[in-house]
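Novice: Just to be clear, the model below is a prediction. Sequence and coordinates:
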Protein chains: 2
Amino acid sequence: MKIIEGGVASAQGFEAAGVEAAVKYQNRKDMAMVYSTVPCRAAGVFTSNIVKAAPVRWDQEIVSHSPAVQAVVVNTGIANAATGAQGYEYCRRTAERAAQTLGIPADTVLVASTGVIGSQLPIDRILAGVEKLAQAKTHSDAAGTDAAQAIMTTDTVYKQAAVQIEIAGRTVTVGGMCKGSGMIHPNMGTMLGFITTDIAISRALLQEALSEDVTDTFNMVSVDGDTSTNDTLVVLANGLAGNPEITERNSDYDTFREALHYIDETLAKKMAGDGEGATALFETRVIHAATKQDARILSRSVVSSNLCKAAIYGHDANFGRFLCALGYAGVAFDPERVELSFANDEKSILIYRDGMAADYSEEEASQILASPEVRVVVDMHMGDAEASAWGCDLSYDYVKINADYRS
Amino acid sequence: MKIIEGGVASAQGFEAAGVEAAVKYQNRKDMAMVYSTVPCRAAGVFTSNIVKAAPVRWDQEIVSHSPAVQAVVVNTGIANAATGAQGYEYCRRTAERAAQTLGIPADTVLVASTGVIGSQLPIDRILAGVEKLAQAKTHSDAAGTDAAQAIMTTDTVYKQAAVQIEIAGRTVTVGGMCKGSGMIHPNMGTMLGFITTDIAISRALLQEALSEDVTDTFNMVSVDGDTSTNDTLVVLANGLAGNPEITERNSDYDTFREALHYIDETLAKKMAGDGEGATALFETRVIHAATKQDARILSRSVVSSNLCKAAIYGHDANFGRFLCALGYAGVAFDPERVELSFANDEKSILIYRDGMAADYSEEEASQILASPEVRVVVDMHMGDAEASAWGCDLSYDYVKINADYRS
């Protein structure tokens, strides 16, 4: 697997664009398009929230029932959620205009929105934006970056990744971009992710690969415990790499899964580290748990705890909070057997064992917690399962951003 | 039911004290005692966290197996959690010293702690504190207030309440005090609550009354989603009112339940409104839900949402966040049928209905959200059940308090 520069416009046949459409704010890119020169197989995972935004309902319908997908149109600023029948009608009009301009069927166009809930889209500006995007789209790294920038809301950095693998002598590229901060617990700014690849793979396996991989990547990210109405992660595969189509779980499939996992995990960690107001990426790694599911639940409980997050922000080795968050996760264990360590890229120190504080230096612990990437390692001493979850610290700026979000 | 001044030292035969013991900080009351001149029936509810502090384990043992309880000793500053065998031994020594000084058996003494996890108690200062408390305790409103002040940590106000009822011609008093901010989702500062009454009631019914009432009061409070290692709520009944002992669910029992409910709800709301960094009490009332349990889950999901809490802090009528928090609660409903209103003591305005924003004034909505007590009313249009949950807004100060907690 070779890590390369690029994102959604890196795989063969994929084009992208990001333009200013003044949906809600002036002078920033706020609409993006991803387009494939040939029809794609598509797979998707969507928010579990009962209150689903109109574009989520539109996309679920297309990913489930449409034979192919060829384009995605994204806007920021307004989420098109809690917008009734009119909101859904605006999705249709957006897709129809894109279809007309691109010369493809309307049921091959996905739409995605992120921003304030409860306002209607300024449909004329959206439609004008679609036409600008169709004109601007190109197959280039710069176009992928434009798109990645155009889907940002409170994100402070754009997020993309790309890799290449060899399958049956053909070079296959997988690239992706995302914005926001989580899938199970996404920031209200919403998690949107788009992955493109030129691999030839059956639709069923594409969906399986995505659904399985999300469990240990995007679903292990938490910024604030709020699951958005708009969360969407879509992968498009157009087959232009020319590999023999993957139709079963063979070694080619495994190779693709590795590449997809790299893209998913890389984007997921970028989201966590760029959580609203975050000053650090906060990883919790649970090892020697009884089951994989226990390890996931425990690690996610810790990265989701406001008190643990505030302790990271304060560089305060208040280990009781981490133990406490494990204790209310809903998984049975013996607190006397758990070991807790704090680590960064350079070192790891043992903080808690045998039911009480280990003999550690507060100063050293505090230094570790001041790292840009902080890792809490929890050894359950119960079995062989492990999992990681990613979040960020809780800062004044999180409150500031969310108290003032609409202004 | 007559609301009176007072707290834990109001019922007949109950004495209280609060003293400075320098457990962790100087120049503030940090130890409290509640004492009954005669043995009491006791009931309790304790944290569901697997990581239970030593005093919680001590108290669970006594409430379950000891024939009577006669005193409670509380310290703040150090939680005596994650302290191993030594921590439990310190509970025993605290109870034994109290027993010796008060001339009662050690297994009639409850202990409770709140503060930093992972440090050992300064046992000599604790034991000296116990002796000061035993000397200082009196039966007076002022003593109850001293105790309520002595159990505060990050609380900004002390919290107590008392009522009187008539049962079979005898005046029965129920009084209580608490600190902290929640039971299901308590602030790490821990929720501790102590209720005293001179009613004569069987132990089984006392426990039933407490367990049932907690479901709709303390368990409906959330400050930050973190369930502490130390949460404890205890009720002591010494029978000195002289009413015929309540041994079945008759009208006397109902009268007592009303009084207990008033104390529980009043203390629960005081905790919510005094959540760390809070500027407002944030109540969510769900009406016309399909089941009582649905109503509880939905209302608690809203008051627990960081994004809703930040919107209250920002006085921002960003109703989509409230709808979103309902949507991920795990209860099935039709978003198109839900109605959402914002209210304070003076007025109520409709914000959302028919799947979209109602026609309301942003300015008026913002004014309501700027009230010291903000109520969000959610009409599910599904059935007859209703429930309220209480929380507070999420402010800069929450982060400040918790980033710097140990310093």
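Specialist: Ah, there it is.
Novice: Would you tell me whether the strand or helix carrying residue A:259 gets close to chain B?
Specialist: According to DSSP states H and E, residue A:259 maps onto helix A:251-273. No. Residues of helix A:251-273 contacting chain B under Cβ under 8 Å from any Cβ of the partner chain: none, with a closest distance of 15.6 Å. Bear in mind the C-beta positions are built from the backbone N, C-alpha and C, glycine included.
Novice: And that helix, what does it pack against?
Specialist: Using 3 or more Cβ pairs under 8 Å, 6 or more residues apart in numbering or on different chains; DSSP states H and E, the elements in contact with helix A:251-273 are strand A:159-167, strand A:170-179, strand A:192-197, helix A:203-215, strand A:281-289, strand A:385-392.
Novice: Can you list the strands that the shortest one pairs with?
Specialist: Meaning strand A:192-197. Using DSSP bridges, strand A:192-197 pairs in its sheet with strand A:170-179 (antiparallel), strand A:232-237 (parallel).
Novice: Using PDB, write out the CA atom coordinates for it.
Specialist: Taking C-alpha atoms only, strand A:192-197 is exported to PDB below (Å, rounded to 0.1, in the frame of the first residue of the first chain):
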ATOM      1  CA  LEU A 192     -19.700  14.000   5.900                       C
ATOM      2  CA  GLY A 193     -17.300  11.600   4.200                       C
ATOM      3  CA  PHE A 194     -16.800  10.800   0.500                       C
ATOM      4  CA  ILE A 195     -14.500   8.100  -0.800                       C
ATOM      5  CA  THR A 196     -13.800   7.400  -4.400                       C
ATOM      6  CA  THR A 197     -12.000   4.500  -6.000                       C
END
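Novice: to the chain's geometric centre, what's the distance from it?
Specialist: 9 Å (Cα atoms, centre = their mean, to the nearest Å).
Novice: That one vs helix A:203-215, what angle?
Specialist: Per axes from the mean of the first three to the mean of the last three Cα atoms, to 10 degrees, the angle that strand A:192-197 makes with helix A:203-215 is 130 degrees.
Novice: Which SSE is immediately downstream of the one helix or strand residue A:61 maps to?
Specialist: Applying DSSP H and E as the criterion places residue A:61 in helix A:54-65. Going down the chain from helix A:54-65, the next helix or strand is strand A:69-78, by DSSP H and E.
Novice: Partner strands of that next one, with direction?
Specialist: Partners of strand A:69-78 in the sheet, by DSSP bridges, are strand A:31-46 (antiparallel), strand A:109-116 (parallel).
Novice: could I get those strands as JSON lines with distance to residue B:250, mean pLDDT and mean neighbour count?
Specialist: Shown next, in JSON lines, are those (distance: least, Cβ to Cβ, whole Å; pLDDT from 0 to 100; neighbours: other Cβ atoms under 10 Å in any protein chain shown):
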{"stretch": "strand A:31-46", "distance to residue B:250": "54", "mean pLDDT": "97", "mean neighbour count": "24"}
{"stretch": "strand A:109-116", "distance to residue B:250": "55", "mean pLDDT": "93", "mean neighbour count": "28"}
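Novice: Which of those strands sits closest to residue B:114?
Specialist: Closest to residue B:114 of these, according to Cβ to Cβ: strand A:109-116, at 40.2 Å.
Novice: about what we covered before: now the helix holding residue A:259, how far from the centre of its chain.
Specialist: 11 Å.
Novice: Next: stretch A:156-176.
Specialist: The answer for stretch A:156-176 is 16 Å, by Cα atoms, centre = their mean.
Novice: Centre of the chain to stretch A:263-281, how far?
Specialist: Per Cα atoms, centre = their mean, the centroid offset for stretch A:263-281 relative to its chain is 9 Å.
Novice: how long is that stretch from one end to the other?
Specialist: Counting by Cα to Cα, to the nearest Å, you get 18 Å between the two ends of stretch A:263-281.
Novice: quick one on the thing from earlier: among the strands paired with strand A:69-78, which is nearest residue B:82?
Specialist: Minimum separation from residue B:82 across the strands paired with strand A:69-78 (Cβ to Cβ) falls at strand A:31-46, 38.2 Å.
Novice: relative to helix A:54-65, how tilted is the closest one?
Specialist: Here strand A:31-46 points in a direction 60 degrees away from that of helix A:54-65 (the same axes, to 10 degrees).
Novice: what about the stretch 301-407 of chain A, any weak spots by pLDDT?
Specialist: Residues of the stretch 301-407 of chain A meeting the criterion pLDDT under 70: A:402, A:404-407.
Novice: Tell me where it has strands.
Specialist: Using DSSP state E, counting those that start in this stretch, the strands of the stretch 301-407 of chain A run over residues A:339-343, A:348-353, A:356-357, A:373-379, A:385-392.
Novice: quick one, which of those is nearest to chain B?
Specialist: strand A:356-357 (4.2 Å; Cβ to the nearest Cβ).
Novice: do that closest one and chain B meet at all?
Specialist: Yes. Contact of strand A:356-357 with chain B (Cβ under 8 Å from any Cβ) involves A:356-357.
Novice: which other residues reach that strand?
Specialist: Contacts to strand A:356-357, defined as Cβ atoms under 8 Å, 6 or more residues apart in numbering or on different chains, come from residues A:319, A:351, B:82-84, B:86-87, B:118-119.
Novice: same thing but 6 Å
Specialist: Residues outside strand A:356-357 that contact it (Cβ atoms under 6 Å, 6 or more residues apart in numbering or on different chains): B:82-84, B:118.
Novice: For those, pick the one with the most neighbours.
Specialist: The most neighbours of any of the contacts of strand A:356-357, using other Cβ atoms under 10 Å in any protein chain shown, belong to residue B:82, which has 27 neighbours.
Novice: mind checking the backbone torsions on that residue?
Specialist: With angles defined as degrees, to the nearest 10, residue B:82 shows backbone torsions of phi 60, psi 50.
Novice: re the thing from before, most tightly surrounded among the strands of the stretch 301-407 of chain A?
Specialist: For the strands of the stretch 301-407 of chain A, average neighbour numbers computed from mean count of other Cβ atoms under 10 Å in any protein chain shown are highest in strand A:385-392, which has a mean of 25.
Novice: How far away from the center of its chain is that one?
Specialist: 15 Å.
Novice: Do it and chain B come into contact?
Specialist: No. Using Cβ under 6 Å from any Cβ of the partner chain, strand A:385-392 stays clear of chain B, with a minimum separation of 12.3 Å.
Novice: And for the residue nearest to residue A:46 when sequence neighbours are not counted, the neighbour number?
Specialist: Spatial nearest neighbour of residue A:46, chain neighbours left out: residue A:56 (5.2 Å); criterion: Cβ to Cβ, 6 or more residues apart in numbering or on different chains. Applying other Cβ under 10 Å, we find 27 residues neighbouring residue A:56.
Novice: surely residue A:56 meets residue A:45?
Specialist: No. Under the criterion of Cβ atoms under 6 Å, residue A:56 makes no contact with residue A:45, lying 10.7 Å away.
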